[in-house]
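Student: here is a sequence with its predicted model. Questions after.
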Amino acid sequence: MKNSFITVLLLATVILSSCFSEEKRINPSFNLTITTLKEILSDQDERIQERILENPERFLQLADVLLSKPEELFYLADKNHAVTKEQAPSEVVKPSDYGISVTRQEREISSLVIEPLQTMTAAAAEEDLDIVFASGYRPYEYQEMLYNRYVDQLGQEEADRVSARPGTSQHQLGTAIDFGSISDEYALTEEGKWLKEHAGEYGFSLSYPDGFEEITGYKWECWHYRYITIEGVEMQVDFFLDLQQYFIEFWDLHKDSLKEARRQ
């Protein structure tokens, strides 16, 4: 009888401890418990939920950093989410003015990207590699012209696989860059291989990886990277199955909830 009583007591202690831990604030920067975090994550893939709940402290640590970054770094623009015709970076600069190799002198990029781009291309140059900037910011009208050209050349269906309709291109955000030859062959070059291995160390994420067209909406583009910050890449890799699309979709849906829960 005594042993049974001890067993029941121990079991009750474990259950109470578990309940208490779920109601304990996870991170001092957020008014979030495991219970409330689970509610936020309820619309996510089970694999994503599992990864975050395995290490919620790290997840919120990264979220805290990302919430302090300019919001325009994480805007969602894809086939299902269009930005306005007037959407543009707060400021643009010409990479050619910063010693970066370019295919055209007039090409521009968001000023938020230029410093990490300089750092990354300089690191590649130390290995005798020339990372060439081919395309960056594109206004709505330019993307409209480009898309219509693809439709004329390839037909509607194929054009939608390789080009964004106006208003849905990451290039309109000013934080996406096409490198090198803008062709599949770029993946076989030393520069293309170097970017695949090292771009994330500088905050650049491959937007349209091979084999994920059903998720991203576009065929593989080994040359198309988007700057989402070093912490953003870590968030993508550690918690969102290393897919930028999953991370940016989550951030678009839940950044306000995280912001509201964040202690000022």
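Tutor: Good, I have the coordinates.

Student: in this structure residue 62 contacts residue 230, no?
Tutor: No - between residue 62 and residue 230 no contact is recorded; they are 10.0 Å apart, counting by Cβ atoms under 8 Å. C-betas here are computed from N, CA, C, even on glycine.

Student: comparing the two, which residue is more hemmed in?
Tutor: Ranked by neighbour count (other Cβ atoms under 10 Å), residue 62 and residue 230 place residue 62 first, with 19 against 16.

Student: which residues are in contact with that one?
Tutor: 231, 234-235, 238 (Cβ atoms under 8 Å, 6 or more residues apart in numbering).

Student: could you do residue 168 as well?
Tutor: Residue 168 touches 77-79, 81-83, counting by Cβ under 8 Å, 6+ apart.

Student: and residue 52, what helix or strand is that in?
Tutor: helix 46-54 (DSSP states H and E).

Student: oh, I was asking about residue 134
Tutor: Assigning secondary structure by DSSP H and E places residue 134 in strand 133-135.

Student: could I get the full set of helices for the stretch 1-150 of the chain?
Tutor: 2-23, 34-41, 46-54, 56-66, 111-125, 140-154 (DSSP state H, counting those that start in this stretch).

Student: quick check: buried residues in the fifth one?
Tutor: Right, the one you point to is helix 111-125. Within helix 111-125, the residues scored as buried using 16 or more other Cβ atoms under 10 Å are 112-114, 116-117, 120-121, 124.

Student: my guess is residue 170 meets residue 178, correct?
Tutor: No - assessed by Cβ under 8 Å, residue 170 is found out of contact with residue 178, at 10.2 Å.

Student: shared neighbours, the two?
Tutor: In contact with both residue 170 and residue 178: residue 224, using Cβ under 8 Å, 6+ apart.

Student: which one's more surrounded, the two?
Tutor: Comparing residue 170 with residue 178 by other Cβ under 10 Å, the one with more neighbours is residue 170, at 24 against 20.

Student: please name the nearest non-neighbouring residue to the more buried one.
Tutor: residue 176 (3.8 Å; Cβ to Cβ, 6 or more residues apart in numbering).

Student: what are the phi and psi angles of that neighbour?
Tutor: When quoted as degrees, to the nearest 10, the phi and psi of residue 176 stand at phi -110, psi 140.
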